[in-house]
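> Sequence and computational prediction follow.
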There are 2 protein chains.
Amino acid sequence: MKVDGTSYRTIWLADDGHTVEIIDQTKLPHLFKVVKLKTVDDVARAIADMLVRGAPLIGATAAYGMALAMRADNSDENLKAAYDQLMATRPTAVNLRWALDNMSGALDAVDFERRAGLAFTRAACIADADVEICSAIGDNGKALIEGHWNAKGKRGKVNVLTHCNAGWLATVDWGTALAPIYKAHDAGIPVHVWVDETRPRNQGASLTAWELLSHGVDHTLIVDNVGGHLMQHGLVDLCIVGTDRTTRCGDVCNKIGTYLKALAAHDNGVPFYVGLPSPTIDWTICDGVADVPIEERDAAEVTRIWGRTGKGKTGSITISPDGTPAANYAFDVTPSRLVTGLITERGVCTASEEGLTELFPEKK
Amino acid sequence: MKVDGTSYRTIWLADDGHTVEIIDQTKLPHLFKVVKLKTVDDVARAIADMLVRGAPLIGATAAYGMALAMRADNSDENLKAAYDQLMATRPTAVNLRWALDNMSGALDAVDFERRAGLAFTRAACIADADVEICSAIGDNGKALIEGHWNAKGKRGKVNVLTHCNAGWLATVDWGTALAPIYKAHDAGIPVHVWVDETRPRNQGASLTAWELLSHGVDHTLIVDNVGGHLMQHGLVDLCIVGTDRTTRCGDVCNKIGTYLKALAAHDNGVPFYVGLPSPTIDWTICDGVADVPIEERDAAEVTRIWGRTGKGKTGSITISPDGTPAANYAFDVTPSRLVTGLITERGVCTASEEGLTELFPEKK
């Protein structure tokens, strides 16, 4: 998507054909900084230190890490070492393992001298495939936004509420929840986005707001407490959120607080959609509340907040008294009964096993 | 309540019998500082700059402001001047007007030389009356907590979730939502409080956490997004919140985000109670969502966050990109259908006109 009028992806090759370039997302929204990754060590650090984040982008970055490793040393030993090094960066990321297995399996099967070339080609394919999926989610979701626009007699704006960051920064391009918004905006449909700041890490205030601002999409930042009030007063036409994991029965695990917005949407008759790339579906479980383990993170993410202190500097402040403990649950599960529809790359379906297996019959 | 083992109210007279002392709440939780108010100007500044906040405390402080004014100059001109000066500090606060009218009416009726003495006596009565109301709410709510404790077979802890600050800092003592918790704690019932940080002003993280820590009540700070997840997993026994205004039909206007917690409580069968001093009931309206105007405050409260920067200093940081607009709705309305009960000084009733007028038959 666009940054000050220039189109970007979150990862690309420099003109030399092998240096990998990324946006340092830890500096956003206060500084837009492109970082060059020249070695597998650079890539491992970029993933571990969260310069790149979001499951699809982590996968694509790791794939390029394997390519850089093969360019430096195409031996079997180095193939295994690179795999192990990259796998250790974010051990629980599903896409990371998938991308590394995909790369490793293909590279294992070819002659040493072909490995580097194949690895760069294959990493580019992984990135392009993610763009394809997100673009298709965007097209399918855009139709929903267009439906609201038509239903409003093409007057005013279509107001979409989103939570956390499921935008292009979390993927290679387009995003998942935000892809329909970008597609609608680019098609001339007037969209306005309510951006939940999304405590504790504030990905809404820092990343989603920056994305929308940079691409020129009308938006307003709100605290996470506000969505219910807006929906009570008819100020939200639809909600679109992303997901970290969705069960075969349509229960949606996403950033903490998503469930509260889904409850408010349900209570006020506001449609609640989830942008869902199919690799995010966990076909092995049904009951999300019972069966998805919820990660508890460092309490300091709750008690300390990072931002810009003035004069271009960044830093953090403590908001609570010393001695007050904090709990930091990272995700929650929205039961399928509160979800109007799942926007996948193959189309929109109900949040149910029937809906999902109709679109993905190979999983029946 | 207690601070490091010493009992405090939020407002009291110094040993000289006329200097008013308060806690500077703008410094909490990072600094506990007592401020002396010696003139009506001091009082007006303390209210306007929010060194004291919370409707009941504002009323009591303004009453003492009238007393200090009468001590300096007991003329009719000064009586009127003090009234006007204090009224202008927080023009929308209902208790402020009530306290000033109460003081002014009484002082108007007596001889000049009796005014100062009467004013101090009457201000003390206003403060004491607030303590009485809050203490009674505490006793009535404590019985509910005790019920949960008994239902759990007196095992573990009773987990209470609260939002914003409706504690003793918002009143003269005890608080409204927190009064039942203090009463239960003091009676030896093991209570654990989930404290919503309560964006945008973080009154939960700064004031409620500090109160509970200072009094020795077990508590855990959470972001506002977490409550639903906790309730899904049986980690909340009951919710108790305060209210800024409750309609005769039981719709509850309170800090933004309260409605989302009430939805989650309802969805999970968790009782949702409101600590409600009767002066906060607005007997003139029924439908809160339609008829309570919601204040919109400065967007900078959303984009900038205040806290401790380190080495004892305080300051603020910006969390969003320049150019991103923010909206700041201060309150929302929880429909009565989501409220299990209203805890008033006369007892607990259903959130309905029938329930309220049974306790307050004079309003039928």
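Structure's in. What do you need?
> residue contacts, A:Asp251?
Taking Cβ atoms under 8 Å, 6 or more residues apart in numbering or on different chains, we find A:Asp251 in contact with A:286-289, A:292, A:333-336, A:351. C-beta: built from backbone N, CA, C; applies to glycine.
> For those, point out the one with the lowest pLDDT.
Scanning the contacts of A:Asp251 for pLDDT, the smallest score is found at A:Val292, 91.
> contacting residues for that one?
Applying Cβ under 8 Å, 6+ apart, we find A:Val292 in contact with A:245, A:247, A:251, A:253, A:282, A:285, A:331, A:333.
> Pull the most distant pair out of those.
Spanning the widest gap among the contacts of A:Val292 are A:Ile285 and A:Phe331, at 14.3 Å by Cβ to Cβ.
> Secondary structure and distance to B:Arg297 for the contacts of A:Val292 - can I get that in a markdown table?
Below are the contacts of A:Val292 laid out as a markdown table (DSSP: H, G, I helix; E, B strand; the rest coil; distance: Cβ to Cβ, whole Å):
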| residue | secondary structure | distance to B:Arg297 |
| --- | --- | --- |
| A:Arg245 | strand | 37 |
| A:Thr247 | strand | 40 |
| A:Asp251 | coil | 37 |
| A:Cys253 | strand | 34 |
| A:Asp282 | strand | 42 |
| A:Ile285 | coil | 43 |
| A:Phe331 | strand | 30 |
| A:Val333 | strand | 33 |
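> A:Ile285 and A:Phe331 - which one has more neighbours?
Neighbours were counted for A:Ile285 and for A:Phe331 using other Cβ atoms under 10 Å in any protein chain shown; A:Phe331 has more, 25 against 16.
> circling back: show me how to select, in ChimeraX, the buried members of the contacts of A:Asp251.
Under the burial definition 16 or more other Cβ atoms under 10 Å in any protein chain shown, those of the contacts of A:Asp251 that qualify are selected in ChimeraX by:
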select /A:288,289,292,333,334,335,336,351
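> From the contacts of A:Asp251, pick the one nearest A:Leu107.
Using Cβ to Cβ, these come closest to A:Leu107 at A:Val292, 33.0 Å.
> For the stretch 1-150 of chain A, what lies in contact range of chain B?
A:28-30 (Cβ under 8 Å from any Cβ of the partner chain).
> where do the strands sit along the stretch 1-150 of chain A?
Secondary structure of the stretch 1-150 of chain A (DSSP state E, counting those that start in this stretch): strands at A:2-3, A:6-7, A:11-13, A:20-23, A:34-37.
> Pull the last one out as PDB, backbone CA atoms only.
Coordinates of each C-alpha in strand A:34-37 appear next as PDB, following Å, rounded to 0.1, in the frame of the first residue of the first chain:
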ATOM      1  CA  VAL A  34      13.800   0.900   5.900                       C
ATOM      2  CA  VAL A  35      16.300  -1.700   7.100                       C
ATOM      3  CA  LYS A  36      18.600  -3.800   4.900                       C
ATOM      4  CA  LEU A  37      19.000  -7.500   5.700                       C
END
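> So for that strand, mean pLDDT?
Mean predicted confidence for strand A:34-37 is 98.
> Neighbouring strands - and their directions - for it?
The pairing partners recorded for strand A:34-37 under DSSP bridges are strand A:20-23 (antiparallel).
> And for the partner strand, what's in contact with it?
With Cβ under 8 Å, 6+ apart, strand A:20-23 has contacts from A:8, A:10-14, A:32-38, A:42-43, A:46, A:51-52, A:61, A:64, A:68, A:169.
> out of the residues of the stretch 1-150 of chain A next to chain B, who's nearest chain B?
The nearest member of the residues of the stretch 1-150 of chain A next to chain B to chain B, counting by Cβ to the nearest Cβ, is A:Pro29 at 3.6 Å.
> pretty sure A:Lys33 contacts A:Asp24?
Yes - using Cβ atoms under 8 Å, A:Lys33 is in contact with A:Asp24, at 4.5 Å.
> quick one: which of the two has more around it?
Between A:Lys33 and A:Asp24, counted using other Cβ under 10 Å, the more crowded position is A:Asp24 (16 against 13).
> in terms of contact, does that one touch A:His30 like I think?
No - the criterion here is Cβ under 8 Å, and A:Asp24 misses it with A:His30 at 11.0 Å.
> Which single residue of the stretch 101-250 of chain A approaches chain B most closely?
A:Asn225 (2.7 Å).
> Count the neighbours of that residue for me.
32.
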